[in-house]
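**Student:** I would like the atomic coordinates for the input below:
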Amino acid sequence: LHSFPTRRSSDLHIVGNALCEQGELDKCEQRLQAALEMQRELAGPDALLVAPTLLGHAKLAQQRGALDIAERYYNESLGIYRNQGQEQTSDAASVMNDLAGLYSYRGDFVKAETLYRAALDIDRHALGQDHPQVAMHVHDIAVALQMQGKLAEAEPLYVESTQMLRRILGPQHPHTLDALANYGRFLRRSGNMARAEEVLSDVLASDRVARGARHAFVGHDLVSLANVRLDRGSYTSAEQDLRAALDIYAEALPAEHPYVASALTGLGRAQLGQGLIKDAEQTLRRAIAMGEKSLPADSAPLATTKSALGVALLNQGQADAATPLLRDSYPIIMKTLGEDAPLTKQVRDALAGIEPARP
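**Tutor:** This is a model prediction of the structure:
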């Protein structure tokens, strides 16, 4: 009796997800909401049919920067699989994987690693070793390990996962490109700046073809490349990349999305490197105001922004305002960027100049 409307609701869900992939977030939400209402009416709020649509809503909310709403949808979706005895299925593992991604973004990498490993165990049994979803789980564990400072453990997993994705999906597939972008960021974290810039430049060129030049992920690629160039002291080219990213984000994302805050942080660092101290201060204060709306106070992105602001204030003779920013952010950026990263060294040197003179 309900086969046609059920199929219609699934079609709405599929079209909604496709629109999200294309960056059409308002149209995506319309389709997903229509699908969710139809499915709940036809099958009930706890039906398995509802879980994938809740996952779509979670991804949409995360893409918009509404992280609390996204977490609620992820947990609702996972709760349905659990209540229906389907927690050990590949569909449930997909939700675990995406929820882990949210935890990673918030800086809770231990919790993220635990969920990624649970999803990997499920999918290795359900899908076999040579499956793209298994490769993505391996890759996501590598990212979580990197963000905990466990670089030696992360590196072989990066190599394994990127090789798997190239072989299974092809070198130009969006999932492969996303994994290579993460690998480029790992190379930056490891201090291999020349190789990082090479990898990220290739990813940017391929992503413009695969996703379109105005896609939000292309903006993300530009920011990643700019961060490498900032570390190498190429402030002018980094600024060009960051302004290009912000131009894309102005069309593709909400005005106060965390990605925008990240790009503004980079722009502030570029201005700082070029001696535009007052401009840098204004840019970094904007980034902090945005980031504080969606990120924990001790998150790595906020610590990066606050440390750069501390340097800008110190350069203007405002040591009292700069010191708490530098002191509080230093242990966080040392763990996430590494003790040899240019920004970490800059903050360490700044603190060394301040602290001996203070009571």
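**Student:** got any ranges where the chain has weak pLDDT?
**Tutor:** Flagging of the chain using pLDDT under 70 yields the residue ranges 1-24, 355-359.
**Student:** Apply 50 and report the result again.
**Tutor:** Confidence mapping of the chain against pLDDT under 50 gives the ranges 1-6, 8-9, 357-359.
**Student:** For residue 230, grab the count of nearby residues.
**Tutor:** Number of residues near residue 230 (other Cβ atoms under 10 Å) recorded here: 26. Every C-beta, even on glycine, is put in place using the N, C-alpha and C of the backbone.
**Student:** Tell me which helix or strand comes right after the helix or strand harbouring it.
**Tutor:** According to DSSP states H and E, residue 230 maps onto helix 216-231. Downstream of helix 216-231, the first helix or strand assigned by DSSP H and E is helix 235-252.
**Student:** can you give me the angle the helix holding residue 230 makes with helix 235-252?
**Tutor:** If you take axes from the mean of the first three to the mean of the last three Cα atoms, to 10 degrees, helix 216-231 sits at 160 degrees to helix 235-252.
**Student:** For helix 216-231, name the packing helices and strands.
**Tutor:** In terms of contacts (3 or more Cβ pairs under 8 Å, 6 or more residues apart in numbering; DSSP states H and E), helix 216-231 is packed against helix 174-190, helix 193-211, helix 235-252, helix 258-273, helix 342-354.
**Student:** ok, and what's touching the shortest one?
**Tutor:** With Cβ atoms under 8 Å, 6 or more residues apart in numbering as the test, helix 342-354 has contacts from 230-231, 233, 269, 304, 307-308, 310-311, 314, 319, 322-323, 326-327, 329-330, 333-334, 337-339.
**Student:** so of the residues you listed, which ones are in helices?
**Tutor:** If you go by DSSP state H, those have 230-231, 269, 304, 307-308, 310-311, 314, 319, 322-323, 326-327, 329-330, 333-334, 337 in helices.
**Student:** and the closest residue to residue 139 other than its chain neighbours, what element?
**Tutor:** Nearest residue to residue 139, sequence neighbours excluded (Cβ to Cβ, 6 or more residues apart in numbering): residue 161, at 3.5 Å. If you go by DSSP H and E, residue 161 is part of helix 151-169.
**Student:** Could you tell me the angle between that helix and helix 193-211?
**Tutor:** Relative orientation of helix 151-169 versus helix 193-211 (the same axes, to 10 degrees): 30 degrees.
**Student:** Please work out the angle formed by the directions of helix 151-169 and helix 174-190.
**Tutor:** Computed by the same axes, to 10 degrees, the angle separating helix 151-169 from helix 174-190 equals 160 degrees.
**Student:** Now do helix 151-169: distance to the chain's middle.
**Tutor:** Computed by Cα atoms, centre = their mean, to the nearest Å, the chain-centroid distance of helix 151-169 equals 18 Å.
**Student:** ok, back up a step: assess the claim that the residue nearest to residue 139 and residue 142 are in contact.
**Tutor:** Yes. Contact between residue 161 and residue 142 holds when scored by Cβ atoms under 8 Å: they sit 6.3 Å apart.
**Student:** out of those two, which sits in the busier spot?
**Tutor:** residue 142 (28 against 25).
**Student:** Now for the more buried one: which residues touch it?
**Tutor:** Residue 142 makes contacts with 154-155, 157-158, 161, 182, 186, as judged by Cβ under 8 Å, 6+ apart.
**Student:** go again using 7 Å as the cut-off
**Tutor:** Going by Cβ atoms under 7 Å, 6 or more residues apart in numbering, residue 142 touches 154, 157-158, 161.
**Student:** of the residues you listed, closest to residue 36?
**Tutor:** Lowest distance from residue 36 to those (Cβ to Cβ) belongs to residue 161, with 32.7 Å.
**Student:** Compute the distance between the closest one and residue 130, please.
**Tutor:** 12 Å (Cβ to Cβ, to the nearest Å).
**Student:** do the same with residue 58
**Tutor:** From residue 58 across to residue 130, the span is 28 Å (Cβ to Cβ).
**Student:** for residue 228, same thing?
**Tutor:** Counting by Cβ to Cβ, the gap from residue 228 to residue 130 is 32 Å.
**Student:** More neighbours: those two, which one.
**Tutor:** A count of neighbours by other Cβ under 10 Å puts residue 228 above the other of residue 228 and residue 130, at 25 against 10.
**Student:** gap between that one and residue 195?
**Tutor:** 10 Å.
**Student:** Can you pull the phi and psi angles for residue 35?
**Tutor:** When read as degrees, to the nearest 10, the backbone of residue 35 gives phi -60, psi -40.
**Student:** Does it touch residue 53 like I think?
**Tutor:** Yes. Contact status for residue 35 versus residue 53: in contact at 5.0 Å, counting by Cβ atoms under 7 Å.
**Student:** related to what we said a few turns ago, of the contacts of helix 342-354, buried ones?
**Tutor:** Applying 16 or more other Cβ atoms under 10 Å to these, the neighbour count classes 230-231, 269, 304, 307-308, 310-311, 314, 319, 322-323, 326-327, 329-330, 333-334, 337-338 as buried.
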